[in-house]
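In: just to be clear, the model below is a prediction. Sequence and coordinates:
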There are 2 protein chains.
Amino acid sequence: MKNTNTIVGPLLTDLYQLTMVYGYWCHDKWNLPAVFDLHFRKNPFKGEFTIFAGLAEVLRFADNFQFTENDIQYLKDQNFFGSDPSPDFFDWLKTIDCSDVKIYALPEGTLAFPREPLLRVEGPLAVIQLMETTLLNLVNYASLMATNAARFRLAAGYDKGLLEFGLRRAQGPDGGVSASRYAYLGGFDGTSNVLAGKLFGIPVKGTNAHSFISSFTSIDDLKTRCILGKPDIDFVEKVLSIKKRLQYKTHEGELAAFIAYAISYPHNFLALVDTYDTLQSGVPNFLIVALALVELGFAPIGIRLDSGDLAYLSQQAREMFLQHQDILPKLTIIASNDINENTLVSLQQQKHQIDAFGIGTHLVTCQAQPALGGVYKLVELSGMPRMKLSQDVEKITLPGRKNVYRIIGKEGYPLLDLMTKEGDPSPKPGEKMLCRHPFKSANRVYVTPKEVISLQKCYWNGALMEELPSIHDAREYVLQQLSNFRSDHLRQLNPTPYKISLSDDLYVFFHNLWEVEAPILEIT
Amino acid sequence: MKNTNTIVGPLLTDLYQLTMVYGYWCHDKWNLPAVFDLHFRKNPFKGEFTIFAGLAEVLRFADNFQFTENDIQYLKDQNFFGSDPSPDFFDWLKTIDCSDVKIYALPEGTLAFPREPLLRVEGPLAVIQLMETTLLNLVNYASLMATNAARFRLAAGYDKGLLEFGLRRAQGPDGGVSASRYAYLGGFDGTSNVLAGKLFGIPVKGTNAHSFISSFTSIDDLKTRCILGKPDIDFVEKVLSIKKRLQYKTHEGELAAFIAYAISYPHNFLALVDTYDTLQSGVPNFLIVALALVELGFAPIGIRLDSGDLAYLSQQAREMFLQHQDILPKLTIIASNDINENTLVSLQQQKHQIDAFGIGTHLVTCQAQPALGGVYKLVELSGMPRMKLSQDVEKITLPGRKNVYRIIGKEGYPLLDLMTKEGDPSPKPGEKMLCRHPFKSANRVYVTPKEVISLQKCYWNGALMEELPSIHDAREYVLQQLSNFRSDHLRQLNPTPYKISLSDDLYVFFHNLWEVEAPILEIT
């Protein structure tokens, strides 16, 4: 876990966490054993799945969780705790850390569903209360971003390249770095963000922009005429003779820019073709330079389209390529320009000829839904189950410590996720069991698992307990799950909800407590 | 400028900036004197204004702009520059910094409009090309966020409190810190984010959450019965006697939590009243404790509503308060729960009784439009004007170096912003001049300014040139401009566009160049 950010410490929190903790401290409640679940209530993007991410950062936060002298001084100076708080309180704040905390979590990249505990955090009430805001911050955006990326992957298809280009529109520097990281985890192939590449080992891609093309106005701008290693061949002359032969009328500055780029990158020649006119100038200029490169033994890569009707332009460009297919290798068409999930679906319907997509704004800002509503709720205190009540059934939390199992059916795909009470026997392959809807008493189903996957692990118990997978392995895990789940759960339009069930034992426990806790209101 | 983030350096960029720069370097173009404008094309949120922000971070970036040995080693290892780039290239990369760069900018917090250069960056082509992505990243989100905050301020009214509560839903740790910072700059009164408070001196607010309330189940949970400084009075007993007198039937755990909080914060008692039932339990429990505090000489603050029909509940709570107005001070009602700009407008129509709003998700994720489309375009190279052409007129950039003036009319409010060619005489108070629409030749207007404000300053010329205002002063500047502009430019529904004009000289220069540059296409 590399340190990409120095701001993630105990002050990265809402003030009310601290003011509450002073309340706990005054009433000797700070050390009560407590359990919080971090979960969400609704899948994002009108979908029926979510990719859980952010675990590596959560564990780094737990490892670094300690107030500095400087933090304490700031808290003292601000008079947050009333006019005369006991100095003992600040002395005590200095001592707390995560040595008595346990964190159970799903593995990074797990497909997760509403009400499942992504994290179960156990420890002294005050300590784990103080962690709430930061844990939510670390999990919410990471999971949203990974889910968004996975949805783009599903919409584009597994055979297309997907590159994240969002840094300039991302929400701040770290927003951009996180976006690149979790886009890759969610199934992208690479990023344009060099720092993210360096920090996380993500493949980095990029060629050139309109400003490069328009910085050249004529062939005279070319100060180098030969490709490195081919000093005897005037590459510019070769290009111009091909242009003459083909009788293309194209923009000279653009051609100069393409030649310049090919001289610097003969092995990686990819041209941005829409600066002046894609089909009348950009693609012909690309072809002229590509044919010259082939004569010298290099394989040109292809083009990037960054405006216009991407489906039409890609088809036209492909046809123009095919006129030279006896000479040119298979060429790549990359498209960018404000692409979102719906654009990808629509482009498919139009039978586009694009091989890879560069995706920015809509991916990194998660424009379709810019926040995941993860919450962190008290489920046990001093050994007694707790639940949050609400007139809104969606907001009611499942009390107590729970285990989560993924039940695989005889066809090999996941049938449902089952939550049980911690301590109850786990479901077993071949053993029939009753699985119940959390709220609808008549919705019950008998299931005989072919395979049972226990989803939670204890990642932190005063110290790191599990080796974390590399980002590449986590990405593979995401892609493998996407191909294992039934596609109707994953599809864009009207997906089928995946079942989240309770064991009969947990169901009865939950509903009994609910009846006891819920006040019977008087209507007058 | 405090160092909140260590990741903002020259690697926080898109790879293509680096690959292009290698192209410039190969063709001896890296040192050509260039000028880029950073501007946007469209105001966000269907509005007609934008608050420019991010300048302090831009200048910090300029100050720190230098590749480390470690950065260079990463770039070498990745083989980004073809199979055999000259080692001289990396040696040269090591040497570049912003000592030959100039940055002109609008002051932080300026109301800005489409096509105005927020930044004008001058310097060696390669250096200022490398800065593009980072500059956009630093300006786009900061400006979007400040604009969003200003819109919430306009919707809530100047007499309401506005608190930013978004950290848990923000896009990563730094996204959260930036959100708090620029929400304050855009007109909010404070944040819940403690770290942002510490880093930027922003007021921090917060009380308690549902988990605090539900962690108490009965009066027996109270381990301290007296308020600090009042050791002779059993505060719990006093509360219970008031409860008995008023014959309120309320939730005992909630009452215990309120008592606990009042004992810890007798001067700052603010109760979260919706954990069980707002009007039947929460508000009555608040009143019981508030009356007890008053008997001891403390002034209770008020309540927070976090769910339900906020207009109705605030009206009902206010009525319940008024039944005790002979004893209680003026009480504050704070509302939170998924509030957006439209909610604020709707609550006003319903004559809500809320004094302050806590706003989270919709503010910090800028849900209504999660990205500002700022761009960075080459406008001059080697002393020659450059413009980006596009079939889309909106995307055409204004060539050359430009100055921006705000023209104040005789009523004292801004009439229009005027751009002139750098070097041309500036407009003067009392002198009539022709102001032209950038694209519509018939749209012209004569204006005689009462006052002329030159908006740009040179903030960087190889080193910092101007002292930056404090965030508090920048916030005042925002609020002062909001009250100076005509309200029809600022209103939520169908705002009137504010005029962005060109001097006649700039208009002619621009349109002549456009005719010369734009290719006449052949349609076949």
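Out: Nice, I can see it.
In: drop to CA atoms for contacts and neighbour counts, all remaining ones
Out: OK.
In: out of the helices and strands in chain A, which is least certain?
Out: helix A:210-214 (a mean of 89; mean pLDDT, DSSP states H and E).
In: does the next helix-or-strand element following it come close to chain B?
Out: Counting by DSSP states H and E, the next helix or strand C-terminal to helix A:210-214 is helix A:235-246. No. Residues of helix A:235-246 contacting chain B under Cα under 8 Å from any Cα of the partner chain: none, with a closest distance of 12.9 Å.
In: now the angle from whatever helix or strand comes next after helix A:235-246 to helix A:235-246?
Out: For helix A:235-246, the following helix or strand on the C-terminal side (DSSP H and E) is helix A:252-264. Angle of helix A:252-264 versus helix A:235-246, following axes from the mean of the first three to the mean of the last three Cα atoms, to 10 degrees, is 130 degrees.
In: distance of residue A:146 relative to chain B?
Out: 13 Å (Cα to the nearest Cα, to the nearest Å).
In: mind jotting down where the helices sit in the stretch 1-150 of chain A?
Out: Assigned by DSSP state H, counting those that start in this stretch, the helices in the stretch 1-150 of chain A fall at A:15-26, A:55-64, A:69-78, A:87-95, A:125-130, A:132-156.
In: a markdown table for the ones you listed, including mean neighbour count and mean pLDDT?
Out: Conversion of the helices of the stretch 1-150 of chain A to a markdown table gives the following (neighbours: other Cα atoms under 10 Å in any protein chain shown; pLDDT from 0 to 100):
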| stretch | mean neighbour count | mean pLDDT |
| --- | --- | --- |
| helix A:15-26 | 24 | 94 |
| helix A:55-64 | 19 | 96 |
| helix A:69-78 | 14 | 93 |
| helix A:87-95 | 13 | 93 |
| helix A:125-130 | 24 | 96 |
| helix A:132-156 | 27 | 96 |
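In: save those as CSV, and put in distance to residue A:458 too.
Out: Below are the helices of the stretch 1-150 of chain A laid out as CSV (distance: least, Cα to Cα, whole Å):
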stretch, distance to residue A:458
helix A:15-26, 25
helix A:55-64, 11
helix A:69-78, 30
helix A:87-95, 24
helix A:125-130, 16
helix A:132-156, 16
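In: do the least confident helix or strand of chain A and chain B meet at all?
Out: Yes. Using Cα under 8 Å from any Cα, helix A:210-214 reaches chain B at A:211, A:212, A:214.
In: how about the nearest residue to the second one, chain neighbours excluded?
Out: Spatial nearest neighbour of residue A:212, chain neighbours left out: residue B:20 (6.5 Å); criterion: Cα to Cα, 6 or more residues apart in numbering or on different chains.
In: and that neighbour, what does it touch?
Out: Residues in contact with residue B:20 (Cα atoms under 8 Å, 6 or more residues apart in numbering or on different chains) are A:207, A:208, A:209, A:212, A:261.
In: same check on residue A:225?
Out: Applying Cα under 8 Å, 6+ apart, the residues contacting residue A:225 are A:234, A:235, A:236, A:263.
In: tell me the pLDDT at the nearest residue to residue A:192 once chain neighbours are set aside?
Out: By the measure of Cα to Cα, 6+ apart, the closest residue to residue A:192 outside its immediate chain neighbours is residue B:14, 4.7 Å from it. You'll see residue B:14 listed with a pLDDT of 96.
In: contact partners for residue B:14?
Out: A:165, A:167, A:192, A:193, A:194, A:206, B:133.
In: and which of the residues you listed is nearest residue B:144?
Out: residue A:167 (15.1 Å; Cα to Cα).
In: sorry, back to before: farthest pair within the contacts of residue B:20?
Out: Once Cα to Cα is applied, these give A:209 and A:261 as the farthest pair, at 11.2 Å.
In: more neighbours: which of the two?
Out: Between residue A:209 and residue A:261, residue A:261 has the larger neighbour count (other Cα atoms under 10 Å in any protein chain shown), namely 27 against 18.
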